[in-house]
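> quick check, what structure comes out for this input:
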Amino acid sequence: MRILVVEDEHKIGSSIKKGLEQENLAVDLVFTGLEGFDLASSEDYDLIILDVLLPGMDGFEICKKLREQQIHTPILMLTAKGQIADKVEGLNSGADDYLTKPFAFEELMARVRALVRRPKKTIGSVLKIADLSLDTLSYLVKRGDKIIQLSAKEFALLEYLLRHPNQTLTKDQITSHVWSYDADILPNTVEVYIGYLRAKIDKAFPEKISLIQTIRGFGYRLGEK
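Okay, here's the model as predicted:
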């Protein structure tokens, strides 16, 4: 998943980015409202964590403008303000949730997971197709009864594929959701990591059907043939 964090306090923003990346998420971090609005309106994110008090354009205005443009990316408002009126204004501007500083990172992650999961028809924290399963809380990946060890980026890639089962995803779509905006991506990076995944969840189980399919000229698809 790819998340945009818009937070003008550099220390807080960097801490959130580091924590989210440790949870295998791709994170873009900007420090002004104008930068945040530009990215949120031009890039494809799974979630936006948006501070209210921002230079250039505040979080309420950003949220309202995004909704006016029919951009419905889930938005978690993050602010030091704790008054009921501020929460109401944030929700009325189109935010999906509201978290007041200071907060525990565990609570932030719980809200992130809830917001990302909300539009999807998933059961609890487990994503599954055929006999392949991935638990987004325990980071446990299994095919049948066998546990599969994945790197952080392999896990993030598989999670994205599992959130879009039986859909053909282009390399650009995969790159934009699994890698951060400033990541050093080579032309064959997606192909290489698809190869890593295929070796672990398909080639390691020759008696089972292959789940990762290459759709030549288009991209990749995770599903049962």
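
> contacts for the lowest-mean-pLDDT helix or strand in the chain next, please.
Lowest by mean pLDDT, DSSP states H and E among the helices and strands of the chain is helix 84-92, with a mean of 72. Contacts of helix 84-92 with the rest of the structure, by CB atoms under 8 Å, 6 or more residues apart in numbering, involve Val52, Gly59, Phe60, Cys63, Met77, Thr79, Tyr98. (Glycine included, C-beta is placed from N, CA and C.)

> next secondary structure after it?
Using DSSP states H and E, the helix or strand that follows helix 84-92 in sequence is strand 97-100.

> that following strand: partners in the sheet, and parallel or antiparallel?
Using DSSP bridges, strand 97-100 pairs in its sheet with strand 75-79 (parallel).

> the strand it pairs with to helix 84-92, inter-axis angle?
160 degrees (axes from the mean of the first three to the mean of the last three CA atoms, to 10 degrees).

> and strand 75-79, what's buried?
Ile75, Leu76, Met77, Leu78, Thr79 (16 or more other CB atoms under 10 Å).

> now swap in stretch 211-225 and tell me
Buried residues in stretch 211-225 (16+ other CB under 10 Å): Leu211, Ile212, Gln213, Gly219, Tyr220, Arg221, Leu222, Gly223.

> which two among those residues are spaced furthest apart?
Leu211 and Gly219 (15.0 Å; CB to CB).

> Gln167: which of the buried residues of strand 75-79 is nearest?
Scanning these for proximity to Gln167, where the rule is CB to CB, the winner is Ile75, at 24.3 Å.

> min pLDDT across the contacts of helix 84-92, which one?
Lowest pLDDT within these is found at Thr79 (81).

> re earlier: Asn166: which of the contacts of helix 84-92 is nearest?
Cys63 (32.7 Å).

> tell me the contacts of the closest one?
Counted by CB under 8 Å, 6+ apart, Cys63 has contacts Leu50, Ile75, Met77, Gly90, Ser93, Gly94, Ala95.
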